[in-house]
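A.B. asks: have a look at this fold, sequence not included:
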Ligand SMILES: CC(=O)[C@@H](O)[C@H](O)COP(=O)(O)O
Ligand SMILES: NCC(=O)COP(=O)(O)O
């Protein structure tokens, strides 16, 4: 059984675009859980361009499924995570100016740094996951850090799959098999969508959780727009 964690960053993007509080990210998190989502993911960035640190605190009491906070473990981020104590923290090596996450950790080069952060999180009973590219050596390196899980960075798969190259799944399957053998849980995310999620899940043994935001919110717009336009037309009759 693979859990669906809905990433609500884009709801905050929409809210921030008008400076008010609509749509309300806490209400949205409550709603997706009511609709069956098994987790809520946020990825606050240092510039707070979408999810703000305050949102992370506001969500704490309302996320009764799995609360997954992703981000680069800079001091401000770690202080927040250790205070909130979410179900899971996913460590992502983002540059401050990255438009979105664009690479996994080098778990070999950053082994000591990651091990320290992970030890601290585990002391507070926070499950840890490390964002990684689908490279066998990086999975072995992740194991050395003491992390509970890895999150496979799926952008390359999603892009190639959209071009018809289903063989792009191979390194992901191999990494998942290795992770399971090493006793690491496997999560995945980035650009997963209604088009590619079934194929991905069917080819990844032991896939525990996917976090999906950009496509899920975009698909919701497309799948909901007809209904909403008609509701307006009815009110304007
Ligand atoms: C780690 C990952 O792939 C996602 O968290 C993604 O980076 C979402 O972040 P943005 O919503 O800022 O693109
Ligand atoms: N960890 C991946 C995530 O939370 C959502 O990524 P995306 O679906 O917005 O690309």
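C.D. replies: Yep, that arrived. If you're wondering where the values come from, they're calculated on a predicted model, not measured in any experiment. Ligands and ions are numbered 1, 2, ... in the order given.

A.B. asks: could I get the average pLDDT for the longest helix along the chain?
C.D. replies: Across the chain, the longest stretch assigned as helix under DSSP state H is helix 214-235. Averaging the model's pLDDT scores along helix 214-235 yields 98.

A.B. asks: buried set for that helix?
C.D. replies: When neighbours are counted by 16 or more other CB atoms under 10 Å, the buried residues of helix 214-235 are found to be 214-217. Heads up, the C-betas are built off the backbone N, CA and C, glycines and all.

A.B. asks: okay, those in a markdown table with distance to residue 164 next?
C.D. replies: Output for those, formatted as a markdown table (distance: CB to CB, whole Å):
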| residue | distance to residue 164 |
| --- | --- |
| 214 | 21 |
| 215 | 18 |
| 216 | 23 |
| 217 | 25 |
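
A.B. asks: show me which of the residues you listed is closest to ligand 2.
C.D. replies: The shortest approach to ligand 2 among the buried residues of helix 214-235 belongs to residue 214, at 3.5 Å (CB to the nearest ligand atom).

A.B. asks: still on that earlier bit, contacting residues around the longest helix of the chain?
C.D. replies: With contacts defined as CB atoms under 8 Å, 6 or more residues apart in numbering, helix 214-235 is touched by 6-7, 10-11, 100, 191-194.

A.B. asks: shouldn't residue 188 be within a helix?
C.D. replies: No - using DSSP: H, G, I helix; E, B strand; the rest coil, the assignment for residue 188 is strand, not a helix.

A.B. asks: mind listing what the closest residue in space to it that isn't next to it in sequence touches?
C.D. replies: Leaving aside its sequence neighbours, residue 188 sits nearest to residue 152 (CB to CB, 6 or more residues apart in numbering; 4.3 Å). Each residue near residue 152 by CB under 8 Å, 6+ apart is listed here: 132, 134, 172, 175-176, 186-189, 204.
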